[in-house]
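Q: Pasting the sequence and the predicted coordinates here, then a few questions.
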Amino acid sequence: MSRETWKKVFSTIPDMELVKLVEIWSIQVKGFRTINQENIKKARALVVGEALKPRNLKMIKAYYTITDEEADEPDGNKEEITLEALLDIYEEGKELHLILGGLYASEEEEMEKLAEEFENALLEKYKTSDLGSLIDKENENEKVVPEPKGMKEKAGPSEWEKKWNKSEEKNKDLRTKVSEWEKQYSQLKQQLKDEKQAMLSEKQKLQQELGVERSQHRETMENNEKTYEENKHLKAENAKLKADNSHLNALLLKHQQEVAFTNQDENQSKQHGEADKKQVLLVGNPKNKLTENSANHTFQVLELKDIPIALEEGQLEKFDEIWVMTYLVPPQMRKKIKRMTQKDIMEFTDFPTMKRYIEKG
């Protein structure tokens, strides 16, 4: 709804009612500490301008939305509102700004059309071109009827005069009591008015808060719907990623299997080559790389310090041949080796002799 439409609605708010609404809507105007009945006419244009600002107008529309939900409606059914019904509730005293505000706040095309028909009907009925001029209709002055003066009568007989005076005393007492009762009634009436006004103010504030809560609820529902759609999209992407991951894992597994088969073939070839070589236990370490690169022999060097343990555990029997470097192994240890093994023992007095033997194959 346009700002001009709401500006027209605000023009139908009486000054005193606008003072109350300024407090309810918590509107502040520069240059005025408070808005009251003394300065409302000067501040009215500024108040309307502040109310038309987006942050305030949103809250005010919520206020009129709640007010409209509790407005007097024919048979309590919103769908049955007619132009005649609106004219009737206006004539019965319903404030014009509440009727128009409720219709426009609904933001329904039918309600907007009905509001325009209602405005035109009022302008034609009251022969005016401005809805703002209709607010004077609610401010009629009360007429005070003067109390009639009693008529003086001529003096009567003394007995009659006594009765008259006695009657006058009673009337005086009654007037005093009536005056006291009127005073008490006025006080009670004002108290009731103040309590009613307080209740109305509290009700309007609650209606405003409820309107804001409903607006926030709608926003929350919209955000929840957006979040749901985002989650749905993320789930679809996640499922796609899982499928891609499964495909990559399958490819990786296939690759690993191919590598494993290749390594197995290489190991088998290597093991086959090693199996063709003679397994030789070389007692005494000549410290020469020839023992690592022999084409026909696989050497395992047994250090001098490890000979006793190897003899006790029978490790020498695992080898095809036992070679002893006599220049590195003492005679007593050589005798012990020969005594504790059934294997043939070949002795070399120096490394060149062993080298020539290896080279001959």
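A: That came in fine, so what should we check first?
Q: Would you mind listing where this protein has pLDDT under the threshold?
A: 1, 66-80, 136-182, 254, 257-258, 260-275, 361 (pLDDT under 70).
Q: any idea where the helices of it begin and end?
A: 3-10, 15-25, 40-51, 54-69, 83-91, 96-105, 109-125, 158-276, 307-313, 331-340, 351-360 (DSSP state H).
Q: Tabulate those in TSV, adding columns for distance to residue 300 and mean neighbour count.
A: All C-beta atoms are positioned from the backbone trio N, CA, C, and that covers glycine. Formatted as TSV, the helices of the chain follow (distance: least, CB to CB, whole Å; neighbours: other CB atoms under 10 Å):
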stretch	distance to residue 300	mean neighbour count
helix 3-10	101	16
helix 15-25	100	17
helix 40-51	101	16
helix 54-69	91	18
helix 83-91	113	15
helix 96-105	99	24
helix 109-125	100	14
helix 158-276	12	11
helix 307-313	10	14
helix 331-340	15	13
helix 351-360	15	13
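Q: so which of the ones you listed comes closest to residue 291?
A: helix 351-360 (8.8 Å; CB to CB).
Q: how far does the closest one sit from the chain's center?
A: Relative to its chain's centre, helix 351-360 lies at 87 Å (CA atoms, centre = their mean, to the nearest Å).
Q: what helices or strands is that helix leaning on?
A: The helices and strands touching helix 351-360, judged by 3 or more CB pairs under 8 Å, 6 or more residues apart in numbering; DSSP states H and E, are strand 321-325, strand 345-348.
Q: Deepest in the core, which of these is it.
A: Mean neighbour counts were taken over the helices and strands packed on helix 351-360 using mean count of other CB atoms under 10 Å, and the top value, a mean of 19, falls to strand 321-325.
Q: List the strands paired with it, with their directions.
A: strand 278-283 (parallel), strand 345-348 (parallel) (DSSP bridges).
Q: any chance of these in a markdown table, plus distance to residue 13?
A: Formatted as a markdown table, these follow (distance: least, CB to CB, whole Å):
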| stretch | distance to residue 13 |
| --- | --- |
| strand 278-283 | 112 |
| strand 345-348 | 124 |
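Q: Figure out which of the ones you listed is closest to residue 305.
A: Of all the strands paired with strand 321-325, strand 278-283 comes closest under CB to CB, at 11.7 Å.
Q: Buried residues, the closest one. List them.
A: 280-283 (16 or more other CB atoms under 10 Å).
Q: May I have it exported as CSV, CA atoms only?
A: What follows is strand 278-283, C-alpha atoms only, in CSV (Å, rounded to 0.1, in the frame of the first residue of the first chain):
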residue,chain,number,x,y,z
LYS,A,278,73.1,-71.7,-3.1
GLN,A,279,72.5,-70.6,0.5
VAL,A,280,75.9,-70.1,2.1
LEU,A,281,76.7,-69.3,5.7
LEU,A,282,79.9,-67.3,5.7
VAL,A,283,81.6,-67.6,9.2
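Q: quick one: contacts of that strand?
A: Contact with strand 278-283 is made by 291, 296-302, 307, 315-316, 318-325, 328-329, 337, as judged by CB atoms under 8 Å, 6 or more residues apart in numbering.
Q: do that again at 6 Å, thanks
A: Strand 278-283 is contacted by residues 297-302, 319-324, 329 when judged by CB atoms under 6 Å, 6 or more residues apart in numbering.
Q: Of those, which is the nearest to residue 4?
A: Using CB to CB, the contacts of strand 278-283 come closest to residue 4 at residue 298, 104.2 Å.
Q: Could you give the bridge partners of that closest one?
A: Those that pair with residue 298 in a beta bridge, by DSSP bridges, are residue 279.
Q: what about it, distance to residue 320?
A: Distance, residue 298 to residue 320, using CB to CB, to the nearest Å: 9 Å.
Q: Look at these two and report which has more neighbours.
A: A count of neighbours by other CB atoms under 10 Å puts residue 298 above the other of residue 298 and residue 320, at 17 against 13.
Q: is it true that that one touches residue 277?
A: Yes - here residue 298 reaches residue 277: they are 4.5 Å apart, a contact under CB atoms under 6 Å.
Q: Kindly check the end-to-end length of stretch 333-350 for me.
A: 17 Å (CA to CA, to the nearest Å).
Q: List the contacts of that stretch.
A: 307, 311, 316, 322-327, 354.
Q: which two from these end up farthest apart in space?
A: 311 and 354 (22.0 Å).
Q: on that earlier part again, would you tell me which of the helices of the chain gets closest to residue 31?
A: Of these, nearest to residue 31 by CB to CB is helix 40-51, at 7.4 Å.
Q: Send me that closest one as CSV with only the CA atoms.
A: Taking Å, rounded to 0.1, in the frame of the first residue of the first chain, the C-alpha atoms of helix 40-51 are listed here in CSV:
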residue,chain,number,x,y,z
ILE,A,40,-0.5,18.3,18.7
LYS,A,41,-1.7,20.8,16.0
LYS,A,42,1.8,22.2,15.5
ALA,A,43,3.4,18.7,15.6
ARG,A,44,0.8,16.9,13.6
ALA,A,45,2.6,17.1,10.2
LEU,A,46,5.9,15.9,11.7
VAL,A,47,4.1,13.1,13.5
VAL,A,48,2.5,11.9,10.3
GLY,A,49,5.8,12.2,8.4
GLU,A,50,7.5,10.1,11.1
ALA,A,51,4.7,7.5,11.1
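Q: For that helix, which helices and strands make contact with it?
A: Contact partners of helix 40-51 among helices and strands, from 3 or more CB pairs under 6 Å, 6 or more residues apart in numbering; DSSP states H and E: helix 15-25.
Q: got the angle between the helix it packs on and helix 3-10?
A: 120 degrees (axes from the mean of the first three to the mean of the last three CA atoms, to 10 degrees).
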